[in-house]
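Colleague: 3D model of this:
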Amino acid sequence: MSMLSSYKKIFLLGFILTILVAIPLTVYTVQQRQQTETKAAPSTVLSVEPATRTIAEGDTLDLNIMLNPGSNQVSFAKFAINFDPTKFTVVNGLTPNPVGNTLTNIIDEAQTDSTGGKVSISLSIGSDPTRAVTSTTKIATFRIKGIAGTSPTSANITFDTANTQILSIASSDQTSENVLSSTSPATITVTSTAVTSAPTSMPTSAPSSVPSGPYVSTIPSPTPTLVPICSSLDIDGLTNGIAPYVLVFTATGSDPNGIISKVTFNFGDSTEDLITGGGIGTSSVSAQLHHTYNTPGIYTAYATLTDNENNLSLQQANCAKTITITATQSGQIITPIPIAPPGDENTILNLGILGVIITIIGGALLLL
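Modeller: Residues are numbered from 1 along each chain as shown. I've put the predicted structure just below:
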């Protein structure tokens with residue numbers, strides 16, 4: 001009888017030790033699972049457009065800051081951009097884009113450090129969560145001027161990721177977690193406008209005759225860099241509709257000293273190139289393309305013209321459209337409702353401990 005009692009005590013002691021080991025293991029597993037479920041999925045991409053461009057020394061160029069939120073719903077953007085101060089100077093600092101952009105509330109004023117080669121700004125959507133950026137949007141612009149020397153030189157316009165933060169209000173994203181996934185820089189080449197000097201060596205004998213009349217130089221004048229011009233972007237219907245909503249976009253424009261080789265349509269949710277038809281291959285185009293919006297939201301559509309020398313047209317307000325897509329007849333945009341993260345850690349821990357205590361008591365009563 002005493003031996004049986006000893007076996008019961010040993011078994012009960014082993015059971016209790018097993019439960020005591022299982023408690024912290026269970027709590028740790030639950031915590032790791034919660035962290036995985038609530039962790040944000042960074043998918044936002046920042047880029048500078050145009051990605052490549054050649055300008056002459058002394059010329060200015062407008063650069064666009066593009067934000068692609070991916071699966072995030074961007075409510076705040078703080079970013080800094082680095083440039084080489086020996087090759088460029090900033091004419092106008094970072095300015096929020098007023099067309100089709102909801103990140104217009106300035107949290108930190110734009111700063112320009114010409115000596116250090118940096119511009120920065122912080123933007124927000126304000127207190128209205130329905131203004132969150134959910135599609136590719138031009139959020140800001142800034143203008144640079146080429147100041148390089150006589151030989152062609154290239155330099156990158158890059159994002160300072162250490163001082164860049166993107167916040168999202170999507171249900172799967174934490175309010176203070178940076179959802180920036182990657183950045184895409186721009187490469188700008190600056191060329192000199194100076195005319196090449198005459199050779200130092202002189203002919204051994206003077207020409208037998210000197211033409212009369214004014215002297216005419218045989219050195220060609222430098223050809224100015226001219227970019228194509230996008231005149232307008234028209235649509236065949238209203239700028240608001242119910243998904244799926246089909247629109248036909250027509251981009252018109254011309255090139256002053258070449259031909260248009262491509263028209264790029266950025267619909268806000270996707271991009272498509274048109275390389276044939278609509279006058280492409282000539283100096284003026286009227287290119288047409290249809291697109292279907294399947295997801296409710298506010299989109300900024302614009303067109304970019306590319307000429308035979310790979311020069312891109314500048315973004316203009318008359319070559320952009322803001323499209324509003326709804327999912328109901330009432331015209332209200334369906335905004336995703338944030339879902340609360342599963343379970344409170346303290347509640348789960350308390351329930352787990354209570355369950356373990358009940359199990360221990362039940363096991364002890366059964367053995368006794």
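Colleague: excluding sequence neighbours, find me the nearest residue to residue 247.
Modeller: residue 235 (5.0 Å; C-beta to C-beta, 6 or more residues apart in numbering). The C-beta positions use only the backbone N, C-alpha and C, and glycine is treated the same way.
Colleague: beta partners for that neighbour?
Modeller: Beta bridges link residue 235 to residue 249, judged by DSSP bridges.
Colleague: any idea how far residue 102 is from it?
Modeller: Distance, residue 235 to residue 102, using C-beta to C-beta, to the nearest Å: 21 Å.
Colleague: cool, and residue 145?
Modeller: Counting by C-beta to C-beta - residue 145 and residue 102 are separated by 30 Å.
Colleague: more neighbours: those two, which one.
Modeller: residue 102 (21 against 17; other C-beta atoms under 10 Å).
Colleague: pLDDT below threshold where in this structure?
Modeller: 1-5, 27, 29-40, 148-154, 175, 193-225, 328-352, 354, 356, 362-368 (pLDDT under 70).
Colleague: kindly state the domain boundaries assigned to it.
Modeller: Domain assignment for the chain, taken from automatic domain parsing, gives 42-193, 227-330.
Colleague: okay if I get these as CSV plus distance to residue 11?
Modeller: Converted to CSV, the domains of the chain look like this (distance: least, C-beta to C-beta, whole Å):
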stretch, distance to residue 11
domain 42-193, 46
domain 227-330, 61
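Colleague: and of those domains, who's closest to residue 15?
Modeller: Nearest of those to residue 15, taken as C-beta to C-beta: domain 42-193 at 40.1 Å.
Colleague: now that closest one: how far from the chain's centre is it?
Modeller: Relative to its chain's centre, domain 42-193 lies at 8 Å (C-alpha atoms, centre = their mean, to the nearest Å).
Colleague: before we move on, what SS does the nearest residue to residue 168 once chain neighbours are set aside have?
Modeller: Spatial nearest neighbour of residue 168, excluding adjacent residues (C-beta to C-beta, 6+ apart): residue 72 at 3.8 Å. Taken by DSSP: H, G, I helix; E, B strand; the rest coil, the conformation at residue 72 corresponds to coil.
Colleague: which residues does residue 72 contact?
Modeller: By C-beta atoms under 8 Å, 6 or more residues apart in numbering, residue 72 lies in contact with 40, 41, 42, 43, 44, 166, 168, 170, 173, 179.
Colleague: could you check how far it is from residue 171?
Modeller: For residue 72, the distance to residue 171 - C-beta to C-beta - is 11 Å.
Colleague: helices of the stretch 251-368 of the chain, start to end?
Modeller: Per DSSP state H, counting those that start in this stretch, the stretch 251-368 of the chain carries helices over the ranges 345-367.
Colleague: actually the stretch 1-150 of the chain, sorry about that
Modeller: With DSSP H, counting those that start in this stretch as the criterion, the stretch 1-150 of the chain has helices at 2-38.
Colleague: burial measure for residue 140, as a count.
Modeller: Residues lying near residue 140 (other C-beta under 10 Å) number 25.
Colleague: was I right about it contacting residue 123?
Modeller: Yes. The criterion here is C-beta atoms under 8 Å, and residue 140 meets it with residue 123 at 7.2 Å.
Colleague: now the common contact residues for those two.
Modeller: Common contacts of residue 140 and residue 123, defined by C-beta under 8 Å, 6+ apart, comprise residue 96.
Colleague: the residue nearest to residue 168 and residue 86, how far apart?
Modeller: Separation of residue 72 from residue 86 (C-beta to C-beta): 36 Å.
Colleague: skipping its backbone neighbours, what lies nearest residue 188 in space?
Modeller: residue 53 (5.5 Å).
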